[in-house]
Each structure stands twice: as C-alpha cells, then as structure tokens.
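**Q** Need coordinates for the below:
(chains A and B, ligands or ions: 2)
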Amino acid sequence: MIRVALYGLRGHPAALAGTFVSIALAVLLVTVTLSCAIAAQRPELAAADPELADLATVLLANAAAVAVLAAAFTAASTLAYSAAQRQGELALLRLAGAGAGRVGAVLVLEALLIGALAASVGVAVGLPAAGAFAGVLPEAGLAPVGLDGALAAWPAWIAAGVGIAAVLLGALPVAIGNARIPPITALREAVAPPLRMTPARWVAAALLAAGALAELPLLRGAEDGTIAAYLVMLTITLIPLFAACSPVVARGLLALLAAVHRGGGAGLIAVTAARTDLRRFTATATPILVTLALGAGILSGSGTVSATLYSGAPADSADAVAVFTVVGLTLAYTAISIAVVFAMSTARRRRELTALRLAGASRARALGIVALDVALVLAVATVQAAVITALVVLAAAWSLVGHAVVVDVPLGTVLLVLGCCALLAAAAALLSARGALADPMPVGAAD
Amino acid sequence: MVMQALPRPVARAPVTRPPRLGIVGRMPTHTNDRTAPAVRLQGVRKVYGTGSAAVTALDGLSIAFAPAEFTAIMGPSGSGKSTLMLCAAGLDEPDAGQVKLGSVDLAGLGDRERARVRRERTGFVFQSYNLVPTLPVWMNVALPGLMGGGRPDRRAVDDVLARVGIAGTARRLPAQLSGGQQQRVAVARAVLSRPAVLFADEPTGALDTAARDEVLALLRSLAADHGTTIVMVTHDPVVAAAADRVVFLRDGRLAGDAGARSAAELGRELARLGGAA
Ligand SMILES: Nc1ncnc2c1ncn2[C@@H]1O[C@H](COP(=O)(O)OP(=O)(O)O)[C@@H](O)[C@H]1O
Ligand SMILES: [Mg+2]
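**A** Ligands and ions are numbered 1, 2, ... in the order given. Next comes the predicted model:
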C-alpha cells in the first residue's frame, strides 16, 4: 500500500506541491513562533519583565494558531482538488479489486507522506530561523532580552506534529469523499464529479455556524480588554464556515455573473469554464478568502473596538503591534500559498488552453481568459470576505452595547492586501499559462 | 462504406461579428479565384532541437492544395505529417520557406493576426485537443465566433448539431460524449464556421469502423457542398481511399503524390515506404 501511495506522489508532484508548500511553511512558522513563545516564559526571562514576556507569548501563539489554520484550509482544498483530478486512477485501484477502505487509506497515506516530508523541511529550516528571530525580537522591544539563549528544540517537534495533524485534518474528508468511487469511472474518460454540498459539508457548516453563534454570548459578556481577542476567534470560525459553503456560494455568485454578462467572447468563456470546473475555482479562491478575511476581519474588529472605547488610540500600542504582526505574518504566509495554488492549477489547464488556441485564440487572448478567471476568483473571494468582515463588525458593535459604536474598517490596508493578492495570483497564473502555451500544439498519435 | 445524407449549407450566418479591422480583415476571406491554391507550402523546413539532438521534421517540403480538394497524407511515423499540419495552419513556425493560406503569407503575421486567420479561414479535427473540456458542446461549436467577440446563436448551433447527427447534446460536456460524438462536435464547428481549409490529423484514429465512416462522410460533404479544402493525415488505407488525392511523406520529404487509389494499393505503397504511420 505504501508503494501505491509513493507511486501516486511521484505521478503527481505538481498537484501535491500546494499541500507540501503550505504545510512546510506552517511548520516553519510554528517552529519559530512556538519556540520563541515558550522561551519567553522561561522563569529567568519572565521574572525580569512578566508583562513583556506575556505580550511576546500571546503574540507568537496567535501567529502560530493562524498559520496552522491557514495551512489546514489550504491543504484541505489542494488535496480535494488533486483527488478530484485523479478520479480515473483511483477508480483503477477499485477496478483492480481494492475496497473502499483501501482507496481511502491510500489517500490518507499519501497525505501523511507529504505531511512528514513537509514537516521535516519545515523543522530543518525552522530551527535556525528561530535562533535568528529570537535575536531580532528583543531588539524590536517585543520580547525579553536573552530570548535566543533560552530556546529549546522540543517545540519544533510539536510544530511537526501540528503540521501532520493539519494535513490529516485536510485528508480525512477527501479520503471519505473519494473512497467509494465507482470502478466503472476508470473505463470512461475521467470526469471529476461536479463540486456539490455533500452531507459532510452541511454537517461541518452547521457545527461551525453553531460555534459562531455560541461565541456571541461570550462576546457580550467579555471585558473591554478581551473583546478584540474574541473577535479574532469569531473571524477564524467564520472563515471555515464560508469555505465549507463554497460550492453553493461560488456557484451562486458565478451564476449571477453569468446572468448579468449578456455578451459573448472571453467573458462568457471564462465564466462558463469556472462554473464547469468549480473545484479548481474554489481551490484557488480558498487561500485568497483566508487572506482577505483574516486581514479585513481581524483589523476591522480590533479597529472598531479601539475606535469605540479609546477614540481611535489603541489601549496599548503593543496591542496594535501584536495585531499587525499576526496579520502580517499570516499574509506573508498565505501569499506563498496563493502563488503556489494558482501556478499549480493553471499548469493543469494546458489541454483547455491548447484547445482554445486551436479554435482561433491568440496567445494574448488565451492569457486574457486566464486573467479573467483570476478576476472572477478575486471577486468571489472578496464578496465572501466582505460578508465575514461585516459580520465581525456587527458582532463587535453588539458586544460594545452601551457605547457609541464607531465602526473602523481600515479600507486602505484592506485594499492593499487585496492588491497584493491580485498581483500575486495574476503573476502566478499568467506565468504558468505562458509556460503551458510555450510548446507548439501537441497533436497526432503521440498524445 | 456508410454514406449519410450530406449536410446542406448553413442558412444564416451563425455569429454576428463586429466589423473587422486590421490586416486580415481587409482581405477577402474566401478567394474567388478557383485556380489559386487554398494552401501553399514552398521549401518549408522545420528542425526540432539543436546540435546532435536536432531532428529535421520537414526537409524543404513544397506542396499545394487546391480549393475544394480532399487530400489524404500518409507516411511512416515520424515522417513529418503532423509538423506539416502545424506549419500549414500557422500553429508552428517553419525555420525556412513560405506558407500561404489563400493569399495570406503567414510569415508576415503576428500571433494575433494568425489567430484570426485560424478562426476565420481554418478548421481543425484532430484526434484529441479539439474540444475545450470545460465548455459545453454548443459553446465548443460556436467557439471561433465567440473568440472573434461575437454573440452565440444557439439555434444555428442546434441546427448544425442535428445535421451531424448529435442533436440534443448541446448542453453536455465533451467528456460526457463518446469518441465518435466528440469528433462530430469538431466537424460541427467546421460546418458552422465554414472554413476555407480544414486540417484533420488522424481524425478517425480512435474510432470504430462505423463512427469512422460517418465522420469521413461528413468531411467529404464539407468539401463537396462548401468547397472546403481538406487536408487529412491518416494511417488507415481505407480512410485515405476516400480522398481525391493521396500524398506520401518520408523523412520530411515528398515520397509520392497521386490521385485517388484503392485501399489495397495504398496499403502496399505504405508498406513499401516503411511501415504504418
Ligand atoms: N515538439 C517537438 N520536439 C522535438 N521533436 C519533435 C517535436 N514534434 C515532432 N518532433 C519530431 O519531428 C519528427 C516528425 O514528427 P511528426 O510531424 O509528429 O511526425 P508524424 O506526424 O508523421 O508521425 C519526428 O521525428 C518527431 O520526433
Ligand atoms: Mg502525427
């Protein structure tokens, strides 16, 4: 069985690159932040300045948590996408007599192998990086002096474990969803089934919605100083809720766009291709949704709290630094996921782009259709992130009952983040599409 | 061989295009001069790779195809048949020599103009890569017009689908059709856009004999009814026997060129040249 899994990995290196990169980065980030957070709590450091030590720990632990969450989302969507692309191969396993359990086990094993490989790379890079980071933090006034001397290696093992857990979390629903693939699929040209709201998605969505609702009483009862923290929690509950609902949400938004677009041409082609290949579409939309919603949700939540309670001046400038660091680290992290996911999924559109060229698309037109697709992904992710942000701001207003609520959405920063996402996504997708279009047409008996 | 009812010409223009501008737009799309070749290659040379790895796919090949002529191209595997199609269609650039589609010299055109020539003057029926897998059948049929910026006319598309015998498949995806049905979608596209030249690279290669004969009949009717020039690569002597003219290639050079011949003759000629395509 290990051999089958290894074969799968070798056959689809590009497909699984997105999973690998997101997990390796998460493990790297968690290794760095967790070792520093734990070192800051060492008695000899914490005794000198307990407040500074606590600040460092909270800040770093938040960054670690966000990285793990983003990694789990990205891993789940890239694993789901690559499994959907491999229906034929999985069906061949079933045709060869493999039971549903075995197919599921192969998928989980594959994910575990990637996770283990990614975790090793993350730890190997993370350990020296933690040393460097621990040297810089005290200089910035964000951690007690002497942090680098207090570092231990064991948090790296926790980071590796967390990374593997995140990949498992992503792989389990994929394995369950694909294990029962009918063997007959192998005999037809493999078509990935359309992306739908499965029972598992409904259950996950219901649980997350219940979780978000359960956070509301906590928010209402929270002390002024902790409201921002609860809003972060609400944001990271709402993101997977929207990700779980992405089949209906993306389908609905694209249908709306198709209805509004009355012309033909590249717009019609791009929208139709996105609706047909909704798996690719949502796999690329997920890291952008995570980035935008985390940035806009957390910043707007804490901004509204600060503006209402302290007339704009944050309670503690260290708080602002903390929020900014968490968001900044996350964005840096998700930026790489965005680039990888777009490059990977566009490289797979080779057949599509080749056929378009054959039917009379110039290279520029084919690239234009890819660019339109990026715009569609951004639009759908932005709408979802805007709804999440609105919900977070509403919850903030609700928890600030009795105060004159001042809504503060840092539009400039959010637009900057959106611009960065757009640039990265477009660059990755277009470079990858250019590569796919570089060869002359592969025709004849060879293919 | 099964010959089915020949498709009638399309009654109305399938796609309303905006006024054409630019180099190609100023030229007549279909030449009225029946004697000028529809496609002409002169001294075309194409080398893949460099140094010791260089492969000469086309070695100074000169050939012309007359309007409404149905030509089959045969030859051993690696003899340059597919490369000939790519260069003739402007999908790949020759290292030397000239390619003319009607009166248009492809060498003088940029990628954008070539793409326009492709969608306005040529059609393709290949073994694969014909259809965009993420677009439904009707959009695949209307694709050249769509790409030109026009709006699709669903009724015209439905007419053409019925004419090639796959009515009712308009909303399906290509992967939901059989191989023979997919080739008919490609033919339907050619019927709708009525190209001056249709390039077909082993269009029947993956089909059973019944589907093969039907696709072949559709191609023949395109030449007969619309005056479409058809250049078709095939390794099947039975398919080649349906053509007006059979051309043999070997090592990127012309190794034979004659009128229609029987399948048995063609099989012997192919064997003499060194094996199957
Ligand atoms: N993209 C390419 N890169 C390198 N060599 C190629 C390429 N395309 C074709 N060739 C080589 O050029 C020769 C002619 O190929 P092709 O035109 O496909 O032959 P045919 O279609 O007759 O089998 C072969 O030797 C083939 O290996
Ligand atoms: Mg060939």
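**Q** Next one, pLDDT for residue 267 please.
**A** Reading this off chain A. You'll see A:G267 listed with a pLDDT of 89.
**Q** nope, chain B please
**A** For B:G267, the model assigns a pLDDT of 87.
**Q** Name all residues that make contact with it.
**A** By Cβ atoms under 8 Å, 6 or more residues apart in numbering or on different chains, B:G267 lies in contact with B:P237. Yep, even glycine has a C-beta here, placed from its N, CA and C like the rest.
**Q** From ligand 2, how far out is it?
**A** As judged by Cβ to the ion, to the nearest Å, B:G267 and ligand 2 stand 19 Å apart.
**Q** cool, and A:L278?
**A** A:L278 is 35 Å from ligand 2, by Cβ to the ion.
**Q** Over to the residue nearest to that residue when sequence neighbours are not counted. Which of the three states is it?
**A** Spatial nearest neighbour of A:L278, excluding adjacent residues (Cβ to Cβ, 6 or more residues apart in numbering or on different chains): A:L195 at 4.2 Å. Following DSSP: H, G, I helix; E, B strand; the rest coil, A:L195 is assigned to coil.
**Q** pLDDT score for A:L195?
**A** As predicted, A:L195 sits at a pLDDT of 77.
**Q** Just give me the neighbour total for it.
**A** By other Cβ atoms under 10 Å in any protein chain shown, 22 other residues sit near A:L195.
**Q** same deal with A:A48?
**A** 12.
**Q** just how off-centre is the longest helix belonging to chain A within its chain?
**A** If you go by DSSP state H, chain A has its longest helix at helix A:100-139. In terms of Cα atoms, centre = their mean, to the nearest Å, the gap separating the centre of helix A:100-139 from the centre of its chain is 16 Å.
**Q** For that helix, which residues meet the burial criterion?
**A** Applying a neighbour-count criterion of 16 or more other Cβ atoms under 10 Å in any protein chain shown, one finds A:102-111, A:113-115, A:118-119, A:121-123, A:125-127, A:129-130, A:133-134, A:137-138 buried in helix A:100-139.
**Q** Could you do stretch A:346-355 as well?
**A** A:T346, A:A347, A:R348, A:R349, A:R350, A:R351, A:E352, A:L353, A:T354, A:A355.
**Q** Now chain B against chain A: closest residue?
**A** Closest residue of chain B to chain A, Cβ to the nearest Cβ: B:R119 (2.3 Å).
**Q** Across the sheet, point out what pairs with the one residue sitting closest to the centre of chain B.
**A** In chain B, the residue lying closest to the centroid (Cα atoms, centre = their mean) is B:F199, at 1.3 Å. Legend: beta-bridge partners of B:F199 under DSSP bridges are B:F124, B:V231.
**Q** surely it meets B:R118?
**A** No. Using Cβ atoms under 8 Å, B:F199 makes no contact with B:R118, being 9.9 Å away.
**Q** Between the two, which contacts overlap?
**A** Here B:F199 and B:R118 share the contacting residues B:A89, scored by Cβ under 8 Å, 6+ apart.
**Q** of all the buried residues of stretch A:346-355, which comes closest to chain B?
**A** The nearest one, if we look at the buried residues of stretch A:346-355 relative to chain B and count by Cβ to the nearest Cβ, is A:A355, at 4.4 Å.
**Q** burial of the spatially closest residue to the closest one that is not a sequence neighbour, as a residue count?
**A** Excluding its sequence neighbours, the residue lying closest to A:A355 (Cβ to Cβ, 6+ apart) is B:V132, at 4.4 Å. Neighbourhood size, B:V132 [other Cβ under 10 Å]: 27.
**Q** hang on, B:V132 packs against B:N140?
**A** Yes. Using Cβ under 8 Å, B:V132 makes contact with B:N140 at a distance of 5.8 Å.
**Q** who touches both of these two?
**A** Jointly contacting B:V132 and B:N140 under the rule Cβ under 8 Å, 6+ apart are A:A359, B:P174.
**Q** before we move on, the earlier item: OK, contacts around the residue nearest to A:A355?
**A** When contacts are counted by Cβ under 8 Å, 6+ apart, B:V132 touches A:I269, A:A273, A:E352, A:A355, A:L356, A:A359, B:M139, B:N140, B:L143, B:P174.
**Q** The first one sits in which helix or strand?
**A** It stands for A:I269. helix A:265-276 (DSSP states H and E).
**Q** angle of whichever helix or strand comes after that helix against helix A:265-276?
**A** Next along the chain after helix A:265-276, taking DSSP H and E as the criterion, comes helix A:278-310. Using axes from the mean of the first three to the mean of the last three Cα atoms, to 10 degrees, the direction of helix A:278-310 lies 90 degrees away from that of helix A:265-276.
**Q** Find out how far helix A:278-310 is from the centre of the chain, if you would.
**A** 12 Å.
**Q** hang on, the earlier thing: return the residues in contact with the residue of chain B closest to chain A.
**A** B:R119 sits in contact with A:A359, A:G360, A:A361, B:P144, B:G145, B:M147, B:G148, B:S193, where contact means Cβ under 8 Å, 6+ apart.
**Q** Kindly recompute the last result at 6 Å.
**A** A:G360, B:P144, B:M147 (Cβ atoms under 6 Å, 6 or more residues apart in numbering or on different chains).
**Q** Next one: the residue lying closest to it once chain neighbours are set aside, what pLDDT does it get?
**A** Nearest residue to B:R119, sequence neighbours excluded (Cβ to Cβ, 6+ apart): A:G360, at 2.3 Å. Predicted confidence (pLDDT) for A:G360: 85.
**Q** Is stretch B:221-240 in proximity to ligand 1?
**A** No. For stretch B:221-240, no contact with ligand 1 is found by Cβ under 6 Å from any ligand atom; the gap never falls below 6.6 Å.
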